[in-house]
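Student: The following block contains a protein sequence and its predicted model.
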Amino acid sequence: MGSIQYGGSEDPIHIEDRALAHLKIVIATKLRRQESFTLSWKHPEGDAVGRSTIWVHPSIPLRFTFDDPEATPLNARWIEELMHTANSTGGISLVDEVLETQD
């Protein structure tokens, strides 16, 4: 289980490593463009039941920490789906992985 440390908060945001790797690409892309946005997620099992949203801004410190020392292979379709949510008025929603399909 990876985590995001955001701003001065002492409470990390826990996100599974694979999802975090994909989310990192989308967040970095938005921040590189100097775009602010919201990020929403359902709390993982073991945390308090519910969901959270944060406002992400390029000037606020952000750190991604992964439990797995090896980078996970990325799924381009999942990144595209996350980018689609990132460009909506609701901001990034951590959606389930979109699996590649063979036609």
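Tutor: Yes, it's here. Bear in mind that the values here come from a model prediction, so they are computed numbers and not experimental data.

Student: In this protein, what residue spans correspond to helices?
Tutor: 17-32, 76-86 (DSSP state H).

Student: nearest to T53, of those?
Tutor: helix 76-86 (12.4 Å; CB to CB). Backbone N, C-alpha and C define where each C-beta goes, glycine included.

Student: Check which helices and strands the closest one sits against.
Tutor: The contact analysis (3 or more CB pairs under 8 Å, 6 or more residues apart in numbering; DSSP states H and E) places helix 76-86 against helix 17-32, strand 92-93.

Student: list the buried ones in it?
Tutor: For helix 76-86, the neighbour count (16 or more other CB atoms under 10 Å) marks W78, I79, E81, L82, M83, T85, A86 as buried.

Student: now that helix and helix 17-32, what's the angle there?
Tutor: On the basis of axes from the mean of the first three to the mean of the last three CA atoms, to 10 degrees, helix 76-86 is oriented at 50 degrees to helix 17-32.

Student: I'd like the helices and strands packed on helix 76-86 as JSON lines, with mean pLDDT appended.
Tutor: Shown next, in JSON lines, are those (pLDDT from 0 to 100):
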{"stretch": "helix 17-32", "mean pLDDT": "94"}
{"stretch": "strand 92-93", "mean pLDDT": "86"}
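
Student: Where does pLDDT dip in this protein?
Tutor: Counting by pLDDT under 70, the chain has low-confidence residues at 100-103.

Student: now do 90
Tutor: Residue ranges of the chain with pLDDT under 90: 1, 7-15, 40-49, 51-52, 71-72, 84-103.

Student: how close does the residue nearest the centre of the chain get to I4?
Tutor: Residue closest to the mean C-alpha point of the chain, counted by CA atoms, centre = their mean, is L23 at 3.3 Å. From L23 across to I4, the span is 8 Å (CB to CB, to the nearest Å).
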